[in-house]
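> following is a predicted model, sequence given first.
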Amino acid sequence: MHNASTFDFSTKIGHTWFPTPLFTASGCASSGKELAQFFPLSEIGAVVTKSIALKPRLGRPTPRMAETPSGMLNSIGLQGPGIDAFLADDIPWLMTQNARIVVSISGETVDEYSILARRLRSVPGISAVEVNISCPNVENRGLVFACDPVSSRAVIEGVRRTIGGDIPIIAKLSPDVTDITEIAREVVSAGADGLSLINTLLGMVINTQTMRPHLGGKTGGLSGPAIRPVAVRAVYQVHQVLPKIPIIGMGGIRSGRDAFEFILAGASGVSVGTAIFGNPRAIMDVQNELKEILISRGFASLSEAVGYAHREDSTGALQRGADSEESEG
Ligand code: RRO
């Protein structure tokens, strides 16, 4: 049996190495200032920052959140300080924390993504750039680039060309498409080194007292355990067609067991998002639990477990004590 000191928990995206596969999910921890009160940010794989736009944005009208069965809807609308203030304040602060940093970017046009990439190119201390082409809360659904293979490719090609070869690019995709593998193939051939799967699903709540949409922006992005099977399915499908491409899996992860499910589906890393709102230490809890599960199931490294569910031979799973696995939940 391996133990905590010999087990290799590290993961890689492009040429960047992370000591653990646990990431914050973009948008759920801003730039990490609040989370840093609860644990040292350097102890997780990386902080993935809230998607940053070129200019400061106030976001959508309130209310911006709604509770839903086993989840929540958000309609933030890319509120944020804009790239200048972000580079002046957030990045230097994250560096004082010794955090690994994945910067998430969001543009309204293909050119805006390239301009953002140019701004990041020479900034030291950035481990990767997450290119968010799947925000559901944009004014015009035509701006959800990840719903269209041609637009997805154009954004990623532009960022790749601008940012050069030194910083890995992770494309964040939407589950609201007929075939997510088609978009995944397109962005990878355009130069993405990894994929974040999945962004929120477009949803809606109507207030039955007012008889009107609850959210100021009417529709919002659905997250939390309600979407976990959709996310696991997306990771499984994409890993099947692109087995060498690192995937960061996310969608309703609350425990090490949930994270393990994503790893088995084919994720090389996992992000915790919505769970942070209820438990700011959730990501540390998931990290410790996932490591324990992997060791107890006899894996010598995280990478050995990535995509295990795709193996046809189930005897390995039995040897690893599948009979005694805790109940699904
Ligand atoms: O800011 C948002 O409303 C938002 C974004 Br950018 C996103 O990518 N996903 C989401 O659920 N909300």
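On my side now, so go ahead.

> could you pull out the strands for the stretch 1-150 of the chain?
Taking DSSP state E, counting those that start in this stretch, the strands of the stretch 1-150 of the chain run over residues 11-13, 16-18, 22-24, 47-48, 65-68, 71-74, 101-105, 126-132.

> distance to the ligand added to these, as CSV?
In this view, the C-beta of every residue, glycine as well, is placed from N, C-alpha and C. What follows is these, written out as CSV (distance: least, CB to the nearest ligand atom, whole Å):
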stretch, distance to the ligand
strand 11-13, 19
strand 16-18, 22
strand 22-24, 13
strand 47-48, 11
strand 65-68, 10
strand 71-74, 5
strand 101-105, 8
strand 126-132, 5
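
> which one of those strands lies nearest to A267?
strand 11-13 (9.3 Å; CB to CB).

> which secondary structure elements does the closest one sit against?
Helices and strands touching strand 11-13, by 3 or more CB pairs under 8 Å, 6 or more residues apart in numbering; DSSP states H and E, are strand 16-18.

> direction included, what does the strand it packs on pair up with?
Strand pairing for strand 16-18, determined by DSSP bridges: strand 11-13 (antiparallel).

> buried residues, the strand it pairs with. List them.
Under the neighbour-count criterion of 16 or more other CB atoms under 10 Å, strand 11-13 has 11-13 buried.

> before we move on, what about stretch 33-50?
35-36, 41, 44-50.

> which residue is the nearest non-sequential neighbour of the residue of the chain found nearest the ligand?
Nearest residue of the chain to the ligand, counting by CB to the nearest ligand atom: G221, 2.7 Å away. Once flanking residues are discounted, G221 sits nearest to T200: 2.7 Å by CB to CB, 6 or more residues apart in numbering.

> so the one you found touches G224, yeah?
No - with contact defined as CB atoms under 8 Å, T200 does not count as touching G224 (9.2 Å).

> which one of those two is surrounded by more residues?
T200 (28 against 23; other CB atoms under 10 Å).

> where does the more buried one fall, phi/psi-wise?
Main-chain torsions, T200, degrees, to the nearest 10: phi -70, psi 160.

> OK, contacts around it?
74, 136, 220-223, 227 (CB atoms under 8 Å, 6 or more residues apart in numbering).
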